[in-house]
Structure formats: structure tokens, C-alpha cells
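> Build me a model from this:
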Amino acid sequence: MKPEKKSPAAIIRSKCLNQALIDRFLDEFWSERGVSRNTLASYERDLRLLCHWLDGRGMALDQASRGDLLEYLAIRVREGAKASSTARLLSSLRRFYRWQVRENLRKDDPSAQIETPKQGRMLPGSLAESEVEALLQAPDTGNPLGLRDRAMLELLYATGLRVSELVGIRLGEMMLQNGIVRITGKGNKERLVPMGEEAHDWVQTYLRDARPLLVEGKELDEHVFVTNRGTGMTRQMFWVLIQRYATEAGMVRHISPHTLRHAFATHLLNHGADLRVVQMLLGHSDLSTTQIYTHVAKARLQELHRQHHPRG
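Numbers count the residues shown, from 1 in each chain. Prediction:
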């Protein structure tokens, strides 16, 4: 009888033969880089899946050759992995094997001569300003949860925060008197982001009228945005909420929290904001990461020119 094939989720939950080595790498990588939990989870997932694949072939993760890695990557591609996923996986493997060489755990890096798959430049999806307005008005602000959701959507659009940054805001980081929120982003880098009058007013109203009702009689939680159980909102829950409000606003395409981040950047550039300012607000360390939004803004301007200019 053939053994039952495990799902990726089941594989990740189970230990592989080199699990202790993976754990040591992750601990040292976190202490050196200060990366987020999501990044660590991504690295662990990639290494565990490869480790189990190698286990099944009688090979150890720390002894894999370049040929082993190429075969594994080829299998992933045949199973439908996108170029972006393969590139991310290869990045995980490179960090792991470079660390092994640096720690004198092996002499060679089997990932060193493997080329990163070429990826097409993905333009971020965005929303028209009218679509954003419809989305922001979707929550029912007549109840505490709806008021919370309106405040979160307004703040997300006004600041361009990542969803993990939004749900992670603590009370002490919300400086309402100055209209600023202090954000701890990727790599534990802090930045101050102005929230604008509209978002400021909604957040202030939520903190005054809704949050006390949500946390009443429950254990104290320092998160600004809390659930009806009085605990901090999660990324996954907010993803579900924003899709629900998008549907209520009449949008048929998929909307995510990142869509509002894209809209924030694109609309700023459409209205003449300096690219360096947008870079600072988004928390990008490299200007080239922000420049992709200029393509979106340029496309919008070209479309407006084509529609309204007599020789468009």
C-alpha cells in the first residue's frame, strides 16, 4: 500500500531530521536581523518542506548538493509554483547555506550558482478615488464594530500602512494631539506618519465612543484596534473584513489591505506628491521599491489625456 501523501501544512507541523539546525539558524537570523515573525515563518516553511523532501530521499538538509536543490526547485515549478514564489524560496535557501558556510558547518554553498528566475515587473493594483470613498463609507458606524472598521479603513488609506503595522498599533503610539502615529515597520525601523484630519477624527471618535465598549469588563489590551472580545485585531480578520466591505460597496474584484496601501501611494503621486516623501511615508528603504507606483500614476495620467484631450 502506498503511503498517504502529506499536505504541505501537515509537513510543516511535523519535525524533520535537521529541525535542530533549522531552529538554530532561525534564532541567529532573528537576533542578527530583527526580522518580523512573518519573515521567520516564511523561512521556516521553506526549509522544513525542503528538509522533508530530502529526508524522503535519504539525504540531509545540511549535506544537499547543488543538483539536489535544482531538482527540488524544478519539482516545485512543475507543480505550479510562480517565478516570484521560486525566487522567494531560493532566497531562503541562500541565506541558510551562506549561514552554514559562515559558521564553518560546511565548506561550499550549493545555492551560490543557481540563478534567480526572472520575474515580470508587477504593477500594483489600485483603486479610483471614487471606489475608495465607497469602501470607506461601507461600515455601519452606528455600532462599535462598524465605527472601529471605519476608523481602520480611514487610517489605512490616510497613511499607507502595511496591514501588520495597522493592527499592531499600541495606544502609546497614537499621538492624536499632533495628528501623528508612530509606526514600527520592517527591520524594527520606526517612522512617524501623519494621519490627516479625516482619519484623525474617525480614530478619535472610535477611541472615545467605541473602544471603551469593546474592552469593558475584559483584560486590558494595549492594541488600539480590538475585537468584540477585547483582544487585538489580527491581520487575517482584517483581510476578511475589508473584502466584505468591498463586496458591500459593489466591487466585484478582489480587494486586500494592500490595495489601499497602493491607492494611498498612487493618489499622492497623482496629486503631485514628491516621490521621496511617498518613500518615507511607506517606509521603503529603497527608492526603487517606491518608483513602481510612478508607473501606475503615469498610466492614469495617460488615460485621462486620451479621454479628454482633443488629440488624445
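> any idea how far residue 215 is from the residue lying closest to residue 209 once chain neighbours are set aside?
Excluding its sequence neighbours, the residue lying closest to residue 209 (CB to CB, 6 or more residues apart in numbering) is residue 147, at 6.5 Å. Every C-beta, even on glycine, is put in place using the N, C-alpha and C of the backbone. According to CB to CB, to the nearest Å, residue 147 stands 14 Å off from residue 215.
> swap in residue 103?
46 Å.
> Between those two, which is the more surrounded one?
Using other CB atoms under 10 Å as the criterion, residue 103 and residue 215 rank with residue 215 on top: 18 against 11.
> surely that one meets residue 228?
No. With contact defined as CB atoms under 8 Å, residue 215 does not reach residue 228; the gap is 9.8 Å.
> Any buried residues in stretch 165-181, and which?
165-169, 173-174, 179-181 (16 or more other CB atoms under 10 Å).
> Give me the residues contacting that stretch.
152, 155-156, 159, 182-185, 192-197, 200, 203-204, 207, 222-225, 232-235, 238, 257, 283 (CB atoms under 8 Å, 6 or more residues apart in numbering).
> Regarding that stretch, how distant is the last residue from the first?
Stretch 165-181 has an end-to-end distance of 11 Å (CA to CA, to the nearest Å).
> tell me the mean pLDDT over it?
Mean pLDDT, stretch 165-181: 92.
> what's the following helix or strand after the lowest-mean-pLDDT helix or strand in the chain?
Ranked by mean pLDDT, DSSP states H and E, the weakest helix or strand in the chain is helix 8-13, scoring a mean of 46. Note on helix 8-13: by DSSP states H and E, the next helix or strand toward the C-terminus is helix 19-33.
> Which elements pack onto that next one?
helix 37-55, helix 83-102 (3 or more CB pairs under 8 Å, 6 or more residues apart in numbering; DSSP states H and E).
> can you give me the strands for the protein?
Applying DSSP state E to the chain gives strands spanning 174-175, 180-184, 190-194.
> Pairing partners for the shortest one, with directions?
Neighbouring strands of strand 174-175 in its sheet, by DSSP bridges, are strand 180-184 (antiparallel).
> coming back round to it: who's in contact with the residue nearest to residue 209?
Counted by CB under 8 Å, 6+ apart, residue 147 has contacts 139, 141, 202, 205-206, 209-210.
> for residue 78, same thing?
Contacts of residue 78 (CB under 8 Å, 6+ apart): none.
> ok, it to residue 71 distance?
Plainly put, residue 78 is 11 Å away from residue 71 if you go by CB to CB.
> for the stretch 51-200 of the chain, which spans come out with low pLDDT?
The stretch 51-200 of the chain contains residues with pLDDT under 70 at 117-126.
> cutoff 90 now
Scanning the stretch 51-200 of the chain for pLDDT under 90 picks out the ranges 52, 55-64, 66-68, 70-92, 106, 111-132, 157-164, 178-181, 183-196.
> if we can go back for a sec, out of the buried residues of stretch 165-181, which two sit at the greatest distance?
Largest separation among the buried residues of stretch 165-181 by CB to CB: 167 and 179, giving 20.6 Å.
> what's the closest of the contacts of residue 147 to residue 247?
Taking CB to CB as the measure, residue 247 lies nearest residue 139 of those, at 12.6 Å.
> so residue 213 makes contact with residue 144?
Yes. Taking contacts as CB under 8 Å, residue 213 lies within contact range of residue 144: 4.8 Å.
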